[in-house]
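> Let's see this in three dimensions:
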Amino acid sequence: MLARGALGASRLLLRPTPRPNSPAIRNFNRPRLLLPKVAVSAFAPVSNTSTATTRNVSSTSLCAMPICIVVEAEIKEDRMDDFLTMIEANAVGSRAEPGCIRFDVLQSNDQANRFFFYEVYEDADAIAHHKEQPHYAAWGAFKESGGTISSVSKKADGKFMT
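Alright, predicted model coming up:
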């Protein structure tokens with residue numbers, strides 16, 4: 001499977017015009033080449049290789065509209081260790097599911113016990129499959145045990161995604 005945008009051709013970097021008399025003006029007219037997108041794919045999240053189907057991605061078209069879920073959860077401070085163990089297993093398990101494009105867990109900068117989950121699935125069937133998994137049930141059990149102060153989920157359709 002090719003990496004996203006693997007065109008094999010280099011691109012010219014367009015730069016803003018530097019101010020007159022700046023040191024950058026001497027090198028401004030030299031063209032700069034960017035590496036092909038394949039060269040930077042090592043820094044992208046690992047794609048799910050467990051799916052039998054491959055999504056076609058090109059640099060000129062948008063992806064099919066996946067389904068995104070954003071969860072904001074506030075965790076009780078005395079349950080943080082339990083939460084971190086559980087959510088890591090949930091994220092790893094979710095990323096291995098067929099139809100899961102992305103599952104990110106983010107921690108708020110201004111409130112250490114506030115987390116955001118960013119989940120992207122190919123379709124409603126992938127979400128239904130996700131909800132049947134043991135790692136998803138562990139998140140439900142954690143909430144039911146009183147580990148969260150609050151948890152709000154929002155569902156959205158992807159529009160301009162790569």
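
> Could you give me the buried positions within the longest helix seen in the chain?
As assigned by DSSP state H, the longest helix anywhere in the chain is helix 80-95. Buried positions in helix 80-95, judged by neighbour count with 16 or more other C-beta atoms under 10 Å: 83, 86, 87, 90, 91, 93, 94, 95. Bear in mind the C-beta positions are built from the backbone N, C-alpha and C, glycine included.

> Please identify the helix or strand for residue 136.
helix 134-144 (DSSP states H and E).

> what's the model's confidence in that helix, averaged?
Averaged over helix 134-144, pLDDT sits at 97.

> ditto for stretch 68-85
97.

> quick one, what contacts residue 103?
When contacts are counted by C-beta atoms under 8 Å, 6 or more residues apart in numbering, residue 103 touches 90, 91, 94, 95, 117, 118, 119, 120.

> just to revisit the earlier point, what's the first helix or strand after the helix holding residue 136?
Next helix or strand after helix 134-144 toward the C-terminus (DSSP H and E): strand 148-157.

> That's all I had, so thanks and see you.
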